[in-house]
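> Here is my input, please return the structure:
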Amino acid sequence: MNGFNIYRAYSIARKEVMHVMRDPFTLTLALGLPVMLVTFFGYAIDYEVKNISLAVSDRDNGPAARRLKEIFSSSGYFRLVEPVPGGGPVEMLDSGRASAALFIEPDFSKKIKGGGRVEAQFVLDGSDNSKAAAIMGYLPGIQQAAQARLAGQAVRAPFSAETRFLYNPELNSRWFIVPGLAAIIIGLLAILLTALTVAREWENGSMELLLSTPVRPLEIIVGKLAPYGALVLAGVFFVYLVSRLVFGVPFEGSHLLYLAACLLFITAALSQGLLISVITRQQQIAMQFGMITGLLPSMLLSGFIFPVESMPRFFQYFTMLLPPRWFMAAARGITLKGADLEELAVPFLALGLLSAGMLALALKKFKTDLEP
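Sure, this is the predicted structure:
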């Protein structure tokens, strides 16, 4: 038995394919779950804050006050709510029935008509800082519209700056969310598929039987991982169709480059699942480890929710050890920016090193840990 024998690896892969074809749960998990989760969470997760409940205390009830309230309601972000009897906007903020409050002073319309200075106080619930920051971003545009409509003309600044958003001109949050969400689901799926199936082999005792044959561990690993890699790639294809047809996410880059990034990322995830199965050798424990190591880091430390640049220095370096961080950057760069290999050299190099390292670690543990 000298070197790697492709025919022995192919025999193991063919056996694994037959097992997958007889297991509807695995096929459903690999092909149906990614599509379902991307569709569900693609609609559910939205970074744009809308339908903000705004309680109004109008002590003027004049035409200018009514126009000011119309400006807020017509912006598409705010929803005016009437104060409850016996209470006011502050009480509504305290009870959570309103997220913001607008106080219009008496004689507001009269002062506007006379050309005097008027004030309207905007109070915001700051308990949710991310929501409050988003709402604060809406106020300059509303203030500019109010100045134009109430005073009859817009206030002219000594200079003007025009903002142009590249790669996502409509600031559609789903264009940003769906590629990242697909990366998380694909990585988690690859980890669970390998961890559960190989752990089942350990539980049934068939892995020890396979190891007693003249088959090298590398041939077993390649034969085990190849069918599930192809299955996860099929899931990638279905997720791609959903992102393009359902959510309208553009694809500006190279499909071959995206496929290469997927292969590197899937290799790292499959190797991680294999390492989990070798260590645990039980399906229940393997699933728990797979969920913890595959879901939480990719959700919180990959840049999907929080920008890596905003994290403390330690975590910025720590995320360099996580394949989802680099695949997230590559997937979004290829999808939205049309980035080429030269621009994505660092993510691809990191994915290649992490994939090779994870595969080598799984092989080493597989060879040296044959006994329970």
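
> Quick one: low-confidence residue ranges for the protein.
Along the chain, the parts satisfying pLDDT under 70 run over 1-3, 84-87, 116, 151-164, 208-209, 211-214, 367-372.

> those strands in it, which residues are they?
All strands of the chain, identified by DSSP state E, fall at 52-58, 78-81, 100-104, 120-124.

> quick one, helices of the stretch 1-150 of the chain?
Counting by DSSP state H, counting those that start in this stretch, the stretch 1-150 of the chain has helices at residues 6-21, 24-27, 33-44, 63-74, 89-95, 108-113, 129-151.

> Quick one: those as a markdown table, columns for distance to G357 too.
In this view, the C-beta of every residue, glycine as well, is placed from N, C-alpha and C. Formatted as a markdown table, those follow (distance: least, Cβ to Cβ, whole Å):
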| stretch | distance to G357 |
| --- | --- |
| helix 6-21 | 21 |
| helix 24-27 | 27 |
| helix 33-44 | 26 |
| helix 63-74 | 54 |
| helix 89-95 | 52 |
| helix 108-113 | 66 |
| helix 129-151 | 35 |
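
> follow-up on the earlier one: closest to S173 out of the strands of the chain?
The closest of the strands of the chain to S173 is strand 52-58. By Cβ to Cβ, the value is 16.0 Å.

> Relative to the whole chain's centre, how far out is that closest one?
33 Å (Cα atoms, centre = their mean, to the nearest Å).

> Give me the contact list for it.
Contacting residues not belonging to strand 52-58 are listed as 65, 69, 72, 77-83, 88-89, 92-93, 97-104, 135 [Cβ atoms under 8 Å, 6 or more residues apart in numbering].

> just the buried members of those residues?
Buried by 16 or more other Cβ atoms under 10 Å: 65, 69, 72, 77-78, 81, 83, 89, 92-93, 98-104, 135, out of the contacts of strand 52-58.

> mind giving me the domain split of the protein?
22-45+171-368, 52-151 (automatic domain parsing).

> Now do the contacts for the residue nearest to K111 when sequence neighbours are not counted.
Spatial nearest neighbour of K111, chain neighbours left out: V118 (4.7 Å); criterion: Cβ to Cβ, 6 or more residues apart in numbering. Contact analysis of V118 by Cβ under 8 Å, 6+ apart lists 64, 105, 108, 111-112.

> could I get those residues as TSV with neighbour count?
Below are these laid out as TSV (neighbours: other Cβ atoms under 10 Å):
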residue	neighbour count
A64	21
E105	15
F108	22
K111	17
I112	21
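
> If we only consider those, which is nearest to P312?
Nearest member of those to P312, counting by Cβ to Cβ, is E105, at 44.3 Å.

> Am I right that that closest one is in contact with N61?
No - applying Cβ atoms under 8 Å, one finds E105 not in contact with N61, separated by 11.7 Å.

> Which elements pack onto the lengthiest helix in the chain?
Identified as the longest helix of the chain according to DSSP state H is helix 173-204. Contacts defined by 3 or more Cβ pairs under 8 Å, 6 or more residues apart in numbering; DSSP states H and E place helix 173-204 against helix 33-44, helix 206-211, helix 217-245, helix 255-280, helix 283-300, helix 323-332.

> Just say which of these is most tucked in.
Among the helices and strands packed on helix 173-204, ranked by average contacts under mean count of other Cβ atoms under 10 Å, first place goes to helix 323-332 (a mean of 26).

> send the alpha carbons of that helix over as PDB?
Below are the C-alpha coordinates for helix 323-332, written out as PDB (Å, rounded to 0.1, in the frame of the first residue of the first chain):
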ATOM      1  CA  PRO A 323     -13.000  30.900   7.500                       C
ATOM      2  CA  PRO A 324     -16.400  32.600   7.500                       C
ATOM      3  CA  ARG A 325     -14.800  36.000   8.000                       C
ATOM      4  CA  TRP A 326     -12.800  35.600   4.800                       C
ATOM      5  CA  PHE A 327     -15.500  33.900   2.800                       C
ATOM      6  CA  MET A 328     -18.000  36.700   3.800                       C
ATOM      7  CA  ALA A 329     -15.600  39.300   2.400                       C
ATOM      8  CA  ALA A 330     -15.000  37.300  -0.800                       C
ATOM      9  CA  ALA A 331     -18.700  36.600  -1.400                       C
ATOM     10  CA  ARG A 332     -19.800  40.200  -0.900                       C
END
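
> From the chain's centroid, how far away is that helix?
On Cα atoms, centre = their mean, the centre of helix 323-332 falls 11 Å from the chain's centre.

> Specify the angle between it and helix 283-300 in degrees.
Angle between the axes of helix 323-332 and helix 283-300 is 50 degrees (criterion: axes from the mean of the first three to the mean of the last three Cα atoms, to 10 degrees).

> quick one, helix 323-332 and helix 173-204 angle?
140 degrees.

> Contacts for helix 323-332, please.
By Cβ under 8 Å, 6+ apart, helix 323-332 touches 176, 179-180, 182-184, 187, 258, 261-262, 264-265, 268-269, 297-298, 301-304, 308, 319, 339, 344, 346-348, 350-351, 354-355, 358.
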